[in-house]
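Student: Quick one, fold the following:
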Amino acid sequence: MVLNMDNELIGKHIKKLRIENNMSQEELASKLFVDRTLISKWENGKLIPETKNIVSLSKLFNTTIDELVNGEEKEIKDDTKLIYYLFIFSLVVVIIWIIIKLIF
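Tutor: All right, here's what the predicted structure looks like:
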């Protein structure tokens, strides 16, 4: 995992995740026990959250620190889901093929 500590990039991801989770800055600040102005500074790229807050944010948003910092995990999750569905489909096809061979 490579961490790219880009203030603006991290801020954009925090804001995106906050909005996806239907939270205001005030609500997020309350959950993290910080001031709302700190959330604003993170989202505007003026400050990077402390390590303990990055960990708390990743747990709160049910995401990895890598996604929070780099914004790349979501694509990996989507690819993983596609691979999973293809595997299940292939398994079903093989089972059907075996059943047909046993019957005929």
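
Student: ok, the closest residue to Leu47 other than its chain neighbours - how many residues close by?
Tutor: Closest residue to Leu47 apart from its sequence neighbours, by Cβ to Cβ, 6 or more residues apart in numbering: Lys41 at 4.3 Å. Yep, even glycine has a C-beta here, placed from its N, CA and C like the rest. With neighbours defined by other Cβ atoms under 10 Å, the count for Lys41 comes to 16.

Student: from memory Lys41 sits against Ile48, does it?
Tutor: No: look at Lys41 against Ile48 with Cβ atoms under 8 Å: they stay out of range, at 9.4 Å.

Student: distance of Cys38 from Ile19?
Tutor: Heads up, residue 38 is Leu, not Cys. Distance from Leu38 to Ile19, counting by Cβ to Cβ, to the nearest Å: 17 Å.

Student: and if you look at Leu57?
Tutor: Taken as Cβ to Cβ, the span from Leu57 to Ile19 is 14 Å.

Student: What of Glu50?
Tutor: Distance of Glu50 to Ile19, computed by Cβ to Cβ: 22 Å.

Student: Now for Phe104: which residues touch it?
Tutor: Going by Cβ atoms under 8 Å, 6 or more residues apart in numbering, Phe104 touches no other residue.

Student: Could you number the chain from 13 rather than 1 from now on?
Tutor: Sure thing, new numbering starts at 13, so read that last one as Phe116.

Student: thinking again about what came up before, please identify the helix or strand for the residue nearest to Leu59.
Tutor: helix 48-55 (DSSP states H and E).

Student: So which residue is dead centre in this structure?
Tutor: Thr75 (3.7 Å; Cα atoms, centre = their mean).

Student: Does it touch Leu29 like I think?
Tutor: Yes: between Thr75 and Leu29 there is a contact under Cβ under 8 Å: 6.7 Å.
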